[in-house]
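Peer 1: sequence plus the predicted model coming up.
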Amino acid sequence: MRWLRIDDSALKQLIKNDEFAFRSNLDRKTLDLVFDKRTLEALKYVFSRYSIDYLDFPISSGKESVVFRAISGRKFVAVKIFKMSTLKFMNIRKYIEGDQRFAKIRIDRNDIIPVWVRKEYTNLMALENAGVPAPKPIGFFKNILVMSYIGTKSGPAPQIRDVEINDAIYEEVLDGMRRMYRNRIVHSDLSEYNMLYHRRVYFIDLAQAVDIDHPMASEFLERDIINVSNFFSKHGIATTPESIEKYIKGK
């Protein structure tokens, strides 16, 4: 279905005709928030810079972003578009300030979203270097992040909340958390909603991840641990927050 090119007028026509809505529950308001003028201009650059042929369909939609599957040559990639109008400055500022990796970057309301996108790209690179399964970062520009697609030709990988849970999945999650921690990264928003399963567990949505020296890193890690423990306990896995923390921080 090759219907989205670099021409922004064509994209505007697709939005007007609700061509995206048939693949997901994106309403007109959501589409308008995603494809504002600034994003249309950024998309033109991203299509050219990263050799993207067209957007295929929306994979997921949240309050802060929409992720599309896209076609680049003969392969799929994922294009994450952060909504310029709905990202709240105060909500994301606390994850940036205090992270030493971004200490020299000036944070204000006008440029915080590009910094947020850069932060997710940086965290994805850190996970790749740590051997933690996650989308591979490809590039970013303004409010758009390009990364590898997790899934099959027929559809994206499901969240782990939608798969049959077993001990192996639980162990993979703990191994990923431990590898992140050993490489100085805390996810900071970990739950069954931001882990995918495609032959193994993949960690996603990394913009808020922080360095372990962040003043709130311990609080964020505790929250992650409780979320993971609660989820797996509901599926009959013998676990406690204490046992997870001991494993993550164990030597």
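Peer 2: Looks like it arrived, so ask away.
Peer 1: what bridges to residue 68?
Peer 2: Assessed by DSSP bridges, residue 68 has beta-bridge partners residue 58, residue 79.
Peer 1: right, and it touches residue 54 too?
Peer 2: No: checked against CB atoms under 8 Å, the pair residue 68 and residue 54 is beyond contact range at 9.7 Å. Every residue, glycine included, has its C-beta placed from N, CA and C.
Peer 1: neighbour-wise, which of the two wins?
Peer 2: The neighbour comparison of residue 68 against residue 54 (other CB atoms under 10 Å) goes to residue 68, with 24 against 17.
Peer 1: retrieve the pLDDT associated with that one.
Peer 2: pLDDT for residue 68: 92.
Peer 1: now do the contacts for it.
Peer 2: By CB atoms under 8 Å, 6 or more residues apart in numbering, the contact list for residue 68 reads 55, 56, 57, 58, 59, 78, 79, 80, 81.
Peer 1: residue 187 now?
Peer 2: Residue 187 touches 177, 180, 194, 203, 206, 208, 209, 220, 224, counting by CB under 8 Å, 6+ apart.
Peer 1: which ChimeraX command selects the buried ones in the residues you listed?
Peer 2: Selection of buried members from the contacts of residue 187 for ChimeraX, criterion 16 or more other CB atoms under 10 Å:
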select :177,180,194,203,206,208,209,220,224
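Peer 1: out of the contacts of residue 187, who's nearest residue 108?
Peer 2: residue 208 (18.7 Å; CB to CB).
Peer 1: my guess is that closest one contacts residue 93. True?
Peer 2: No: judged on CB under 8 Å, residue 208 makes no contact with residue 93 at a distance of 11.0 Å.
Peer 1: picking up where we left off before, in a markdown table: the contacts of residue 187, plus pLDDT, distance to residue 45 and secondary structure.
Peer 2: Shown next, in a markdown table, are those (pLDDT from 0 to 100; distance: CB to CB, whole Å; DSSP: H, G, I helix; E, B strand; the rest coil):
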| residue | pLDDT | distance to residue 45 | secondary structure |
| --- | --- | --- | --- |
| 177 | 98 | 36 | helix |
| 180 | 98 | 31 | helix |
| 194 | 96 | 27 | helix |
| 203 | 98 | 28 | strand |
| 206 | 96 | 23 | coil |
| 208 | 95 | 25 | coil |
| 209 | 96 | 26 | coil |
| 220 | 97 | 33 | helix |
| 224 | 98 | 35 | helix |
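Peer 1: tell me which stretches of the stretch 1-150 of the chain form helices.
Peer 2: Assigned by DSSP state H, counting those that start in this stretch, the helices in the stretch 1-150 of the chain fall at 8-16, 28-34, 37-49, 89-96, 112-130.
Peer 1: pLDDT below threshold where in this protein?
Peer 2: 1-35, 85-87, 89-90, 109, 251 (pLDDT under 70).
Peer 1: distance between the ends of stretch 44-62?
Peer 2: For stretch 44-62, the first-to-last residue distance is 23 Å (CA to CA, to the nearest Å).
Peer 1: lovely, talk soon.
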